[in-house]
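Asker: just to be clear, the model below is a prediction. Sequence and coordinates:
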Amino acid sequence: MTKPIFNWITPQDLTLKRTPLFDEHRRLGAKLIPFAGWEMPVWYSSVGEEHRAVRETAGLFDVAHMGTLEVAGPHAAEFLDLVGTNRVSDIKPGGSRYSTLLDINGQILDDMWVYRPATERFFVVVNASNWDKDWAWLNAVNQNRVVIDAERPDWGWETPVVLRNLKDPTSGDDQRVDLALQGPRSLEILLACDENPAVQNGLKALKRTQLIETCFAGMELLIARTGYTGEPLGFELYVHPERAVELWRLLLEKGQPLGLKPCGLAARDSTRIEAGLPLYGHDLDGPLHITPTEAGFDRYVKYDKAFFIGKAPYVAYHQTAERQMVRFQVEKGARPLRGGEHGEPVVSSRGRVIGTVTSCAPVGEAQIGLALVEARYTEPGSDVLIYPETKRAVRKLPHEFEWGDMVALPVRAVILPRFPQ
């Protein structure tokens, strides 16, 4: 029997969901906005203040909208190697790794973080906007219900693993949602919350990308030294949703003397952009279908694996692809750039359109952004021009300009190293 090709239709349910911390956000006076189907805080005080907290002290983020699942069984590592571009089978228990999901055409479905708490058990975190699609895709592959290789449509996965939705109440005590504590004083804050020597020693011993499962301040947590703000020191705290408010309040109470501030989506975006980390849907996939390789994450695509879903078309595309992500800084006082769906054009010094802004955010007195450009225009230190949207600008040819017309002027930008040193 011929298997179908996976086809996902996004549900049209417009009802916004809320995390367990929604009432805490309102109590703290956060500005709430719709995001990925959820009602989420965009800021509490200001983007600049919260950004500085993450860089200088610490910031606390509600990330409980993210999708969480468990992949378990003797073949769990093989399954994740099949569906993901990175290799996870060689992660040691207590470690983690970034990876991406591709469809059979080599197009990105999502990016994910894969933790390995035990030899035959993996904990996976995916984007909230893609959660339903990812869950449907992984189950379809696991149950051998869809084509996973266009060249071999009858071939499939035949050693099922155990998949569990850890946001579903049916997961019981194993339910998990995410709080992110990011910044140079984040470890101090955790140590102030639990004085148990065993817990403190476990936290102090964590290296970048490592994790522990522990009883922290009376709560069963998975604590990982990972994060999405570019900070060398930061932690993801995976807690049962019924204890999320308790953990949130404890962290703010103990962290306030150390400079901890609650942070919203705007500071999440600005810290990520400053660090050169792509925002899914803007700098990864999205309307431009940006691949991990184009986004600067080629090291997370393991071409030496015999097979992963989408490998052949992905490799074929990159044999001729000429696009690359760059990080840039805009001159002080320039008109704000927005990127995203607005897609301000990037122009070479000779006037050639060479790319599109994908994200941009204020960082201090400057603006830092990401843009997808032709690969030959990525040299750090070189100049490019960006044309921001100007609503009052006339739409005329130069010889038609009249006195008093407003015309669009470019903003000068300098290409930075792809990632900060």
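Answerer: Alright, I've got the coordinates. Numbers count the residues shown, from 1 in each chain.

Asker: where exactly do the helices run in the stretch 1-150 of the chain?
Answerer: 22-27, 47-56, 76-83, 131-142 (DSSP state H, counting those that start in this stretch).

Asker: include distance to residue 199, mean neighbour count and mean pLDDT when you put those into a markdown table, please.
Answerer: C-beta coordinates here come from the backbone N, C-alpha and C atoms, glycine included. Formatted as a markdown table, the helices of the stretch 1-150 of the chain follow (distance: least, C-beta to C-beta, whole Å; neighbours: other C-beta atoms under 10 Å; pLDDT from 0 to 100):
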| stretch | distance to residue 199 | mean neighbour count | mean pLDDT |
| --- | --- | --- | --- |
| helix 22-27 | 24 | 15 | 98 |
| helix 47-56 | 24 | 20 | 97 |
| helix 76-83 | 28 | 21 | 98 |
| helix 131-142 | 31 | 19 | 98 |
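
Asker: so for residue 333, which of those helices sits nearest?
Answerer: Set against residue 333 and scored by C-beta to C-beta, the helices of the stretch 1-150 of the chain come closest in helix 47-56, at 15.8 Å.

Asker: who touches the closest one?
Answerer: 43-44, 59, 182-184, 229, 231, 259-264, 266-267, 270-271, 274, 361-364 (C-beta atoms under 8 Å, 6 or more residues apart in numbering).

Asker: show me where this protein dips below the pLDDT cut-off.
Answerer: 1 (pLDDT under 70).

Asker: just confirm residue 346 is within a helix.
Answerer: No. Under DSSP: H, G, I helix; E, B strand; the rest coil, residue 346 sits outside any helix and is assigned strand.

Asker: quickly list what it is bridged to.
Answerer: residue 355, residue 386 (DSSP bridges).

Asker: same deal with residue 39?
Answerer: residue 34.

Asker: wait, what's in contact with it?
Answerer: Going by C-beta under 8 Å, 6+ apart, residue 39 touches 16-18, 22, 32-33.

Asker: that older thread, how about the helices of the stretch 1-150 of the chain in a markdown table, adding distance to residue 306?
Answerer: Shown next, in a markdown table, are those (distance: least, C-beta to C-beta, whole Å):
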| stretch | distance to residue 306 |
| --- | --- |
| helix 22-27 | 46 |
| helix 47-56 | 41 |
| helix 76-83 | 9 |
| helix 131-142 | 17 |
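
Asker: what's the closest of those to residue 377?
Answerer: helix 47-56 (28.2 Å).

Asker: since we're on the residue lying closest to residue 337 once chain neighbours are set aside, how many residues are nearby?
Answerer: Spatially, and ignoring its direct neighbours in sequence, residue 337 is nearest to residue 360 (4.0 Å; C-beta to C-beta, 6 or more residues apart in numbering). Neighbours of residue 360 under the rule other C-beta atoms under 10 Å: 27.

Asker: tell me how far the particular helix or strand that has residue 360 in it lies from the chain's centre.
Answerer: Secondary structure assigned from DSSP states H and E places residue 360 in strand 353-363. With C-alpha atoms, centre = their mean, to the nearest Å as the basis, strand 353-363 stands 17 Å off its chain's centre.

Asker: just want the angle from that strand to helix 47-56.
Answerer: 80 degrees (axes from the mean of the first three to the mean of the last three C-alpha atoms, to 10 degrees).

Asker: ok, residues contacting the next helix or strand after strand 353-363?
Answerer: Downstream of strand 353-363, the next assigned helix or strand under DSSP H and E is strand 366-374. Strand 366-374 is contacted by residues 273-274, 276, 278, 282-283, 288, 290, 294, 322-332, 334, 336-337, 339, 346, 354-361, 384, 386, 413, 416 when judged by C-beta under 8 Å, 6+ apart.

Asker: swap in stretch 147-159?
Answerer: With contact meaning C-beta under 8 Å, 6+ apart, stretch 147-159 is reached by 2-6, 74-75, 78-79, 82, 104-105, 141-142, 144, 146, 307, 309, 312-313.

Asker: and it, what's buried?
Answerer: Within stretch 147-159, the residues scored as buried using 16 or more other C-beta atoms under 10 Å are 147-148, 156-157.

Asker: ok, now stretch 249-266?
Answerer: By neighbour count on 16+ other C-beta under 10 Å, the buried set for stretch 249-266 is 250-252, 254-255, 259-266.

Asker: try stretch 64-79
Answerer: 64-73, 75-77, 79.

Asker: next: stretch 301-317.
Answerer: 301, 308-314, 317.

Asker: closest to residue 114 out of those residues?
Answerer: residue 308 (13.2 Å).

Asker: setting aside sequence neighbours, what's the nearest residue to residue 363?
Answerer: residue 274 (4.9 Å).

Asker: check whether the one you found really touches residue 364, as I assumed.
Answerer: No. With contact defined as C-beta atoms under 8 Å, residue 274 does not count as touching residue 364 (9.3 Å).

Asker: more neighbours: which of these two?
Answerer: residue 274 (24 against 13).

Asker: spit out the contact partners of the more buried one.
Answerer: 51, 230, 361, 363, 368, 420.

Asker: contact partners for the second one?
Answerer: The one in question is residue 230. Counted by C-beta under 8 Å, 6+ apart, residue 230 has contacts 271-272, 274-277, 420.
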